[in-house]
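J.: Quick one, fold the following:
(chains A and B)
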Amino acid sequence: MINSSSDNVKKLNSINRRMFITGSFKFFIMVGIVSRLFFLQVKENKKYLTLSDKNRIREWKLAPVRGEFQDYFGNVIAGNFEAYQLHVIPEQVEDFRYVIFRLKDLLELSDKEFKKILKKKREIKPWETLIVSDNLSWQKFSKINNHLYDLNGVKPVISISRNYPYSENFTHLIGYVSQANQKDIENLDSIKKNFVPGLKVGKVGLEKSFEEKLIGSNDIERYEVNAYGRRISQLEFQKGKKGETLRLTIDTEVQKLTSNLLKDKAGSICVMDIYTGAIIAMNSSPSFDPNLFVFGISNDDWQLIRNDPLKPLVNKTLQGNYSPGSTIKPIVALSALENGIINTNFTVKCTGKTEMYGQTYHCWKKKGHGFVSLRNAMKQSCDTYFYEISRKLGVDKLSETAKKFGLGEKVFGNLFEIEKKGLVPNTQWKKNALGQGWLLGETMITGIGQGYIQTTPIQLCLMTAQIANGGHKIYPQIVVGQQIENQSIEKFSPLYKNSKNIKIVQDAMFGSTNEVMGTSYKSRIDNPKYQFAGKTGTAQVKKITERERELDLKTFQIPYEQRDHALYVAFGPYKNPRYALSILIEHGGNGSTTAAPMAKELFKLIIDRHSIRESIDSKKYLEI
Amino acid sequence: MYQHTRLSNNNFGILQKFKNFDYTLLFCILLLGFISLTTIYSTDGGEVLFHTKSHFTKLVVFTLMMLIISFINIKFWFSLGYLSYLAVIGLLVWTYLFGITSSGSQRWINLYFINLQPSELMKIFIILCLAKYFHRMKLENVNSIYTILTSLIIIMLPMGLVIVQPDLGTALLIAVSGIAVLWFAGINHKYFIYTMLGFVISLPFIIAFLKPYQKLRVLTFLNPDRDPLGAGYQIIQSKIAVGSGGIFGKGFLKGTQSYLEFLPEKHTDFIFTLFSEEFGFVGSTILLLIYAIIIYRIVAIGASCRSYFAKIFCYSFSAAIFVFITINMSMVLGLLPIVGSPLPIMSYGGSSMLATMIGFGIVMSARVHNQQLIA
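T.: Numbers count the residues shown, from 1 in each chain, chains lettered A, B, ... in the order given. Prediction:
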């Protein structure tokens, strides 16, 4: 008993000692757990709260409403319309197969379209929206609405989409929108920021240039979602901002006329205000309907546009590098006058051709013009005269003047990605680019706008405008209130040494249009209100062989690709000039017969519209 | 004298039993039961659904059972020591042969009214068995090779049966229960130290023998971000839930992590995460305090018992339950790898609750009959 009790005491001592050790352990572990809780819940609380919100809150961005384009008079030329769409949330449909086949019948979907929809359905989660159709006609839309009782889970939706009411009239200027691709997103932050699947962004033209202003900002819906991404409840709705509406300097009436004039031809027309630089019209032909691109162009339509031999996808006004032909002559004459090479009395005898180092240089008139002064040479576009003065002037001085008047550089700066610079050659350029010395003969053909020299129609228009306004620097403007960058030189700074020389050139251009023997005499308007002055141009696209020269074929006898480009530059009204224009018809043959008559029609309209334009301006001033 | 008169009186009066009853412990257990019920209610999304109903039923039934156990003399439970152990071993064998397989392991047997997980019961009955084994042993015999081997076999046998299910987590917890008894029985502390050292040294070899999913758990524990949507998902989401709870929590039924189903196994192993998210640091600390009181009361009861068996059972049970609690919490707080151990009483799951309540019942019986000597 004593033994056992002493053993008991020992056992009790042992167990109690061990209990004490265990107790201490427990205490420290408890403290450890509490401090871990403290660390997570108090110290790191913010971090985990953010993580938890990131888990549960998901944002849904809706496509922003795009800003519109208006013409100078406030007509919408690129606007938004309500597109009728059909959405289905597969999960909410009891019998998806039935509904989708019913829709196929009602919408008369082709098998190909139908397969596409089924493929799309497989790619999305069952609670995501399946867009069955993104642009339904009203008839089909109402048909669906009548059958809704039968189409459980189908939602007719009205969504906002781009619309170009004047279809092909403004395509080259405004461009078009289409679904944003990876490149668009990478290139522009504002697209990245506002991106939602199906977002339409500008692909070319002003739609692309002013993307940042036009895009607006998204409506944002914040939803609480569960671990599987299903929306549980809406927490917030944040209204987005519509994109800026841009008012252009364009006159839709004039623009429409240019479209009519260019119908079935390849070419370009631009019209510019010679003081403000405002573009009144700018058109390139052929064009295409930009509405085709909004919901993705069908392959057939695309092939039709792409394979058109007249190249509708090329914006000839900005991208077309053409030999200016005789339309360069005002600049050659001006350069010669400015550099004191000639005066008004300087005459040259034209025999129809001239020889230089064994090469023959022809005047367009085989028989020759006889003795011609500057004014007559301009009037009749005598090539021999200009061979002679450019030979005396030299290409370097000529290029200097040409560049001053805006040739050889982009008219709109960086506004249009596609705009070409053209080329104003000089001796230095040839050495650098071709590694060869400049030849005198090349100077001579540069003087009649052939050879290396290349210009875009918009450059010719600017050049003419700057001659018309008395030789002052202007900057073209296309969006009201939006200055184009790189306009460092002061506006209206004189581009001449002697203003008399500008007058001489203007007068010579007047003669060319309004006097007998003038190359565009047939297209003249006698009424001083509309009277204009201009210069024709006929640019060869290939060297004319001696044989062809003898044959002296009519335009329609030559294959289309080998026909000359027809050009015309003009300004008016002559008495008090306000507008300048340039016309180019690809392979149109002769400038005086093809291009100049268009100017006649244009000036009538432009000058009639002038007072309306003025009234808009004065109204604006009154408002201010 | 007083003791002597009490000693002779083996038949405790019912009044005496009520007098001896530990009401603090009972209150804490009931409070815990209530908290667990509301938390399960929250996992059901604030509706009385299957889990809530089932949990409530189990709570009521098992609490009543605990009370009944506590009024039965501790001597009876002592006498059941080996038998109950053998019965559970039988159940484990039965499980091995005819058990229900779910998510890749065969842990349950179908008893029609309940799917029983015998391995959970073993966590308690191994204590009962070993406590009986050491009850009569003299201190000098405790460290004999024979004793140590026998007790190791008693521990290894159920462990082996559980490991083959496979359920390494529960097997380790059974070992913890057994080792707790060995510790309190007075096995030389050197053995514990050597075993610990041996374990640490052999750890790399053990890892080599682990199943791929177990290895993954260890790796995930070491760096949860290595596969945030796969293996690391549970631990990351659990930490986010706890951390976002803050000081006062998101409020009852407002735990977004669990409500929006970011939390896996929220009503079983991760119940503490949900509680902690909704009630914050303050709530969690209070819950820990309740557990601490329960553990303290069990130790105190052990200290008040005259019989060595009751003492060793209470101490070991308190140690085991402490380990269960801390392992579960450390797991959900990202301090330990995910081993799959429920939080006693709080977690949904009948077997675990049954085992815990039996344990509590025996402890209370020890309290009620604390003057009982066992020959």
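J.: got a list of what the residue of chain A found nearest chain B touches?
T.: At 2.6 Å from chain B, residue A:48 is the closest residue in chain A, using CB to the nearest CB. Any C-beta I mention is one placed from the backbone N, CA and C, and that applies to glycine too. Listed by CB atoms under 8 Å, 6 or more residues apart in numbering or on different chains, the contact set of residue A:48 reads A:40, B:239, B:240, B:242, B:243, B:244.
J.: Redo the residues you listed as CSV? Include secondary structure and distance to residue A:389.
T.: What follows is the contacts of residue A:48, written out as CSV (DSSP: H, G, I helix; E, B strand; the rest coil; distance: CB to CB, whole Å):
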residue, secondary structure, distance to residue A:389
A:40, helix, 90
B:239, helix, 87
B:240, helix, 84
B:242, helix, 91
B:243, helix, 86
B:244, helix, 85
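J.: I'd like to know which of these is nearest to residue A:563.
T.: Compare each of the contacts of residue A:48 with residue A:563 using CB to CB and the shortest gap goes to residue B:240, at 74.7 Å.
J.: That closest one reaches residue B:262, doesn't it?
T.: Yes: judged on CB atoms under 8 Å, residue B:240 makes contact with residue B:262 at a distance of 7.5 Å.
J.: Of those two, give the one with the bigger neighbour count.
T.: Set side by side, residue B:240 and residue B:262 show unequal neighbour counts under other CB atoms under 10 Å in any protein chain shown, the larger going to residue B:240 at 26 against 23.
J.: Kindly tell me how buried residue A:293 is, as a neighbour count.
T.: The local packing of residue A:293 (other CB under 10 Å) involves 23 other residues.
J.: what's near enough to touch the residue of the stretch 151-300 of chain B found nearest chain A?
T.: Of the stretch 151-300 of chain B, the residue with the smallest distance to chain A, taken as CB to the nearest CB, is residue B:243 at 2.6 Å. Listed by CB under 8 Å, 6+ apart, the contact set of residue B:243 reads A:40, A:41, A:44, A:45, A:47, A:48, A:49, A:51, A:52.
J.: 10 Å instead?
T.: By CB atoms under 10 Å, 6 or more residues apart in numbering or on different chains, the contact list for residue B:243 reads A:37, A:39-52, B:257, B:276-277, B:333-334.
J.: Give the next helix or strand downstream of the longest strand seen in chain B.
T.: In chain B, assigned by DSSP state E, the strand with the most residues is strand B:105-110. Tracing the chain C-terminally past strand B:105-110 and defining elements by DSSP states H and E, one meets strand B:115-116 next.
J.: Check whether the following helix or strand past that next one comes into contact with chain A.
T.: Next helix or strand after strand B:115-116 toward the C-terminus (DSSP H and E): helix B:118-135. Yes: counting by CB under 10 Å from any CB of the partner chain, contacts between helix B:118-135 and chain A involve B:134, B:135.
J.: Quick check: what element follows helix B:118-135 along the chain?
T.: In the C-terminal direction from helix B:118-135 (assignment by DSSP H and E), the next one is helix B:139-142.
J.: follow-up on the earlier one: out of the contacts of residue A:48, which is nearest to residue A:108?
T.: residue B:240 (51.4 Å).
J.: Would you agree the closest one is in contact with residue A:52?
T.: Yes: counting by CB atoms under 10 Å, residue B:240 does reach residue A:52; the two are 5.2 Å apart.
J.: Need the residues touching each of the two.
T.: Counting by CB under 10 Å, 6+ apart, the residues touching both residue B:240 and residue A:52 are B:256, B:257, B:262, B:277.
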